[in-house]
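S.K.: Here is the input, now give the coordinates:
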Amino acid sequence: MSRSEQNSGTVAVREAHRFDVSRLQRFMEQEVAGFAGPLTVEQFKGGQSNPTYKLTIAGRSYVLRRKPPGKLLPGAHAVDREYRVIEALGRQGLPVAKAVALCLDEEVIGTAFYIMEMVDGRIFWDPTFPEVDHELRPAYFDAMNATIAALHRIDPEAAGLGDYGKPGNYFARQIGRWSKQYLQDEEAGRVPAMDKLVEWLPRNIPAGDGEVRIIHGDYRCDNMIFHATEPRVLAVLDWELSTLGHPLADFSYHLMMYRMPAGMTSGLAGLDLGALNIPSEQDYVAAYCARTGRSGIPDLDFYMAFNMFRLAAIIHGIKGRIARGTAASAHADKMAASLEPLADLAWTQARRAGAY
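M.R.: Numbers count the residues shown, from 1 in each chain. Next comes the predicted model:
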């Protein structure tokens with residue numbers, strides 16, 4: 001089964017994520033303009049972290065994202081931050097779903113949640129864009145490139161997000177954060193390559209961590225909705241990991257697709273990009289640099305090692321939620337199985353950066 005088949009569409013709400021729909025309906029009657037029941041609730045197949053639901057009323061659809069039930073790590077699943085950032089970036093003209101309502105009262109459905117408008121369009125789960133005509137693929141890559149560059153050109157202060165994270169020392173803080181979460185989650189076990197990276201990364205942070213921009217944190221093709229027929233991004237989704245940080249950390253996370261093996265979390269490595277009519281890593285980097293006024297990206301191998309480590313730490317958290325019985329996706333087991341290969345690949349990037 002393809003990632004598209006695994007993650008696209010909705011299913012009946014899973015037992016562990018059910019709630020009292022009548023309570024949600026009463027909330028929406030009070031908080032959502034023009035709401036009129038009855039309300040139908042389904043659960044999206046995808047979403048390993050925050051359970052995500054489709055809400056339908058009288059032909060109109062919304063999306064609800066909530067904190068998962070059960071024991072959570074401190075600071076994780078901050079849906080209020082997601083709501084704040086999409087509301088602010090929408091005012092700046094970035095393509096995001098329109099924010100509708102935020103609820104921090106856990107009495108309504110059991111955990112905090114927010115509601116946004118549902119954007120109709122296409123989600124591509126495979127980074128080769130197999131559903132797109134061969135000659136149009138460069139335009140879809142260019143649309144992704146242009147959108148992340150537009151995000152990184154937004155002034156956080158002008159967007160009302162100047163306090164959305166701590167400025168400066170982004171890599172040191174992130175390495176510390178994910179190392180701590182990795183080491184604390186004993187139920188997920190230890191991984192030798194992760195242990196090495198926990199030691200190596202903080203000792204090899206490149207100089208010059210002064211740039212501060214709003215960063216998405218999980219920018220990839222399956223976290224955006226494209227126009228139904230045009231190579232145009234209508235909405236960037238899943239802002240759970242967004243913060244203030246270094247834009248090159250964000251862009252290089254997106255760029256990981258070029259170094260991840262095909263079949264591993266949106267990977268292109270090992271494929272004939274020319275035959276697929278997909279831009280090379282070098283050309284994709286050049287396009288981003290032209291849009292953001294850069295002459296190049298030094299220390300790219302470090303950024304790759306950092307981001308692969310970070311992604312592996314996130315997957316390590318998913319493995320921990322499986323152990324605790326709170327994983328939000330039926331396909332979380334498959335994600336967890338990629339943990340050790342990804343950690344090994346991250347260590348390979350570290351070695352390319354000149355560690356050994």
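S.K.: Tell me which residue is most central in the chain.
M.R.: Per CA atoms, centre = their mean, the C-alpha nearest to the average position across the chain is that of Asp218, at 2.8 Å.
S.K.: so Tyr284 makes contact with Ala149?
M.R.: No. Contact criterion CB atoms under 8 Å: Tyr284 and Ala149 do not qualify, at 11.1 Å. To be clear about C-beta, it is placed using only N, CA and C from the backbone, and glycine gets the same treatment.
S.K.: So which of the two has more stuff around it?
M.R.: Using other CB atoms under 10 Å as the criterion, Tyr284 and Ala149 rank with Tyr284 on top: 22 against 18.
S.K.: so who does the more buried one touch?
M.R.: Neighbour list for Tyr284: 141, 145, 255, 258 [criterion: CB atoms under 8 Å, 6 or more residues apart in numbering].
S.K.: Now intersect the residues you listed with the helices, please.
M.R.: 141, 145, 255 (DSSP state H).
S.K.: closest to Glu29 among those residues?
M.R.: Proximity of these to Glu29 was ranked by CB to CB; the top entry is Asn145 with 42.2 Å.
S.K.: Identify the spatial nearest neighbour of that closest one, chain neighbours not counted.
M.R.: Ala287 (5.0 Å; CB to CB, 6 or more residues apart in numbering).
S.K.: where does the stretch 201-350 of the chain have low pLDDT?
M.R.: 263-265, 328-330 (pLDDT under 70).
S.K.: Do a quick rundown of the strands in it.
M.R.: 213-215, 224-226, 233-236, 243-245 (DSSP state E, counting those that start in this stretch).
S.K.: how about the ones you listed in TSV, adding mean neighbour count and distance to His134?
M.R.: Below are these laid out as TSV (neighbours: other CB atoms under 10 Å; distance: least, CB to CB, whole Å):
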stretch	mean neighbour count	distance to His134
strand 213-215	25	32
strand 224-226	23	17
strand 233-236	22	20
strand 243-245	21	36
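S.K.: I'd like those strands as a markdown table, with distance to Pro167 appended.
M.R.: Listed next are the strands of the stretch 201-350 of the chain as a markdown table, based on distance: least, CB to CB, whole Å:
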| stretch | distance to Pro167 |
| --- | --- |
| strand 213-215 | 10 |
| strand 224-226 | 27 |
| strand 233-236 | 22 |
| strand 243-245 | 6 |
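S.K.: quick one: the helices in the chain?
M.R.: 3-7, 21-31, 79-91, 137-153, 170-184, 192-200, 247-255, 273-276, 281-292, 300-324, 332-337, 339-350.
S.K.: Where do the domain boundaries of the chain fall?
M.R.: Following automatic domain parsing, one finds the domains of the chain at 3-117, 134-355.
S.K.: Reformat those domains as a markdown table; add distance to Thr128.
M.R.: Formatted as a markdown table, these follow (distance: least, CB to CB, whole Å):
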| stretch | distance to Thr128 |
| --- | --- |
| domain 3-117 | 11 |
| domain 134-355 | 6 |
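S.K.: Can you check which of the ones you listed gets nearest to Phe124?
M.R.: The nearest among the domains of the chain, by CB to CB, is domain 134-355 at 4.9 Å.
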